[in-house]
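Asks: 3D, please:
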Amino acid sequence: MNCKSNIKHVTTILIPAGLTCSAAGWSGRTSAHPARTIRRRYPLNISRTWIALALFLAAAMPVAAAPPSNPANGEIQVDLTDVLGHDLAGRVDLQGVEKEPIVLEIPQGHLKTNVPAAKYKAYVYVYVLGVPVLVDVKNAKVQAGATEFILVNLLEGSGQRALFDFDQDCDFALDRVEIAEGTNPADASSIPGKPALPFEDHVLAKEEKWYRGELHCQSSYGGGKESVADLVARAEKLGLDFLAITDRNTLAASQDAGFKSKSVVLIPAMEWGSDERGVALLYGPRTFPEFVDSTPQAQALVDLVQAQGGFFGVAHPCFPGKPWQWGLSYVNGIEVWCRDWSSVPPLSINQLSEDLGERRDGKLVHSVAYAAASAIVRGQPNQLSANGQACVFYDAELVRGLKAAAIGGSGSASPAVPLASPVTYVYATEKSVRGILDGLRRGRTYVSSGLKGPRMRFSADILSDKKMDVGVGGTVPLGVPTTFEAAVDGAEGKELQILLNGRPLISKQIESNGFAITFEDTPATYAVYRARVVGRPQEVRFGNLEVYAMTSPIYAQEVEVKDEKIKEAKERTKKKLMQSAPEVQLPQSPGPGEIKPKWKF
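Replies: Numbering: from 1, shown residues only. Here you go, the predicted model:
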């Protein structure tokens, strides 16, 4: 029996004695967003014995006549081609009076099928590298006993310009379609068929400075024990500057009546994903981020959220039971610290999918697998906590070229778990949603153990002329003498470390409350510098090192330079290198070169 259908829905196979099974299809909607759907696939898993028994019993039963076709149905025929006559794989979403759209997958470019007779708005998508791009919107009137045609002959993308070149705001809808439908082709939050989410952004302070807040907690909409109003009240009582309530696959908290404050910036946010493949933290999306089941479409979601002014961060990538396995080549940030530093056990490499264990020349290729293996030192397990592994994952991705902010969150789902433990600091130009999101995207962050934890600064003075030019998230040019300074308050007796490409370059005992170290370096190749405060754990848990605070990186790479003094310094360095010094050997990356994802956007 063929369980497949071009129309996504739940199909039930009826067999005797109540043996039933569901084929792949729509699993339903989230409770908070009834107009949104989540695709999941459930394996059909019935033993041969049960199947044989079912067939035997079925043969003994009287056979009922097949029900006649529904007279209320009409036929719809779809043909998707380019101007050269090539068939195009695509999808059509039929939006009618029903809240849930009928989704027609068209892998061969043409389809003939029956649907309920009704008037529809047909949103036509063409797949490009596995990503659906909206190329047309048509009105369709399906009548009983008649055939309605949806014919698309696509001009864009057939020549030297790619289809994405006709989408200026990166919302995966062609500009031509947006103009025809009355949405703004220069605004990624204005998309045909996708309602823009309510967005109120009040500027609570115009001061440019460091702001601190909570980026990962759950309300009662996401399985937590508190209402939205209670969470907001907790944040206000602690004196936080911003709060993001991140319930799984829903933005209901941001639409709750209790989502308001005169002192705390409230960022619309959600957890997105699944325990099976990993979870992301999305801040400030302007249209609802639908769940997808492919890496190309997940990567496209990163681009869409960022184009809308939001932020896409990987959540606790090495938590056992929900490791990060999406394989994305680019994100805006990584949650390097969730809950207490040493309280969460490490991830085992056996908990990852088999393909992530790939090796080249005997070395693990994928960062999450390398991080999982790093918890075993000289045969001894549990030498890193899950947060320690998250930092290994973070450093491995940074070395391979990722530029992403370090963030942290408590994961609090009840008053018993304190908010802002750890706490994320964001350097922003103003105290508002846009201000905080801009600081996050620029990587201007550091994470501390709590509101009474260490406070950090990390900056760079290009040319070593006693002018601090770059802070965390910034870039210094190669071949120029640069003085770095790391300063910390509230960490006396602990250790201040400078990491170069994920490995300690400098470690010094913190002798006083206002402690700082400076060092000069002339980076010759791409490099990543960041600072952290560490110490020995106070109690035996997971890992042999306790982290109290850490910064996002300062990067060194080749950049276009206009300043004449910097150009002269680069030229002097180049001459010195040519005359004498051997090549500078930076620490090796965790894997043998850059990860080459199977899909690249």
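
Asks: tell me which residues form a beta bridge with the nearest residue to Ile554 once chain neighbours are set aside?
Replies: Residue nearest to Ile554 in three dimensions, not counting chain neighbours: Tyr529, with 4.8 Å by CB to CB, 6 or more residues apart in numbering. C-beta: built from backbone N, CA, C; applies to glycine. Beta-bridge partners for Tyr529, by DSSP bridges, are Leu500, Ile554.

Asks: Does the nearest residue to Val377 once chain neighbours are set aside fall in a helix, a strand, or a coil region?
Replies: Among residues not flanking Val377 along the chain, Gln383 sits closest, at 4.1 Å (CB to CB, 6+ apart). Here Gln383 is coil, with the state taken from DSSP: H, G, I helix; E, B strand; the rest coil.

Asks: Got phi/psi on Gln383?
Replies: When quoted as degrees, to the nearest 10, the phi and psi of Gln383 stand at phi -90, psi 0.

Asks: part of a strand, is Gln297?
Replies: No - under the criterion used here (three-state DSSP), Gln297 is helix, not part of a strand.

Asks: Can you get me a residue count around it?
Replies: Gln297 has 18 neighbours, counted by other CB atoms under 10 Å.

Asks: Quick check: the gap between it and Gly193.
Replies: According to CB to CB, to the nearest Å, Gln297 and Gly193 sit 16 Å apart.

Asks: For the residue nearest to Val377, list the residues it contacts.
Replies: Gln383 sits next to 374-377, 543-544 when contact means CB atoms under 8 Å, 6 or more residues apart in numbering.

Asks: Just to check, Ala369 is in contact with Gly357?
Replies: Yes - between Ala369 and Gly357 there is a contact at 5.6 Å, judged by CB atoms under 8 Å.

Asks: Which residues are in contact with each of these two?
Replies: Contact with both Ala369 and Gly357 is made by residues Ile349, according to CB under 8 Å, 6+ apart.

Asks: neighbour-wise, which of the two wins?
Replies: Of the pair Ala369 and Gly357, Ala369 is the one with more neighbours under other CB under 10 Å, namely 25 against 15.

Asks: Am I right that the more buried one sits in a helix?
Replies: Yes - assessed with three-state DSSP, Ala369 lies in a helix.

Asks: Need the nearest residue in space to it, chain neighbours excluded.
Replies: Leaving aside its sequence neighbours, Ala369 sits nearest to Leu356 (CB to CB, 6+ apart; 4.8 Å).

Asks: need the contact list for Val447.
Replies: By CB under 8 Å, 6+ apart, the contact set of Val447 is 336-337, 406-408, 422-425, 549-550.

Asks: what's across from it in the sheet?
Replies: In this entry, Val447 is beta-bridged to Thr424, Met550, by DSSP bridges.

Asks: ok, now Val534?
Replies: In this entry, Val534 is beta-bridged to Glu495, Val547, by DSSP bridges.

Asks: Which pLDDT does the model give Gly18?
Replies: Here the pLDDT value assigned to Gly18 is 33.

Asks: what about the helices in this protein?
Replies: Assigned by DSSP state H, the chain shows helices spanning 48-60, 175-181, 228-238, 295-307, 367-373, 386-399, 433-441, 564-579.

Asks: His316: which of these is closest?
Replies: Among the helices of the chain, the nearest to His316 by CB to CB is helix 386-399 (6.4 Å).

Asks: can you list the domain ranges for the chain.
Replies: 12-60, 73-181, 202-337+383-451, 454-579 (automatic domain parsing).

Asks: ok, which stretches of the stretch 101-250 of the chain are strands?
Replies: Secondary structure of the stretch 101-250 of the chain by DSSP state E, counting those that start in this stretch: the strands cover 102-106, 110-116, 118-128, 131-142, 147-154, 209-214, 242-244.

Asks: gap between the third one and the chain center?
Replies: Using CA atoms, centre = their mean, to the nearest Å, the distance from the centre of strand 118-128 to the centre of the chain it belongs to is 27 Å.

Asks: And stretch 441-449, by the same measure?
Replies: Computed by CA atoms, centre = their mean, the chain-centroid distance of stretch 441-449 equals 16 Å.

Asks: average pLDDT across that stretch?
Replies: 98.

Asks: hey, C-alpha coordinates of it in CSV?
Replies: Taking Å, rounded to 0.1, in the frame of the first residue of the first chain, the C-alpha atoms of stretch 441-449 are listed here in CSV:
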residue,chain,number,x,y,z
ARG,A,441,25.2,40.9,16.1
ARG,A,442,28.4,42.9,16.3
GLY,A,443,29.8,40.5,18.9
ARG,A,444,30.2,43.1,21.6
THR,A,445,29.6,40.8,24.5
TYR,A,446,31.1,39.0,27.5
VAL,A,447,29.6,36.5,29.9
SER,A,448,30.0,36.5,33.7
SER,A,449,29.0,34.0,36.4
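
Asks: quick one on the thing from earlier: most packed of the strands of the stretch 101-250 of the chain?
Replies: Mean neighbour count (mean count of other CB atoms under 10 Å) peaks for strand 242-244 among the strands of the stretch 101-250 of the chain, with a mean of 27.

Asks: Partner strands of that one and their direction?
Replies: Paired strands of strand 242-244, with direction, are strand 209-214 (parallel), strand 265-267 (parallel) (DSSP bridges).

Asks: Show me what the shortest one is in contact with.
Replies: By CB under 8 Å, 6+ apart, the list of residues contacting strand 265-267 from outside reads 204, 211, 213, 215, 232, 241-245, 254, 259-260, 283-284, 431-433, 435-437.
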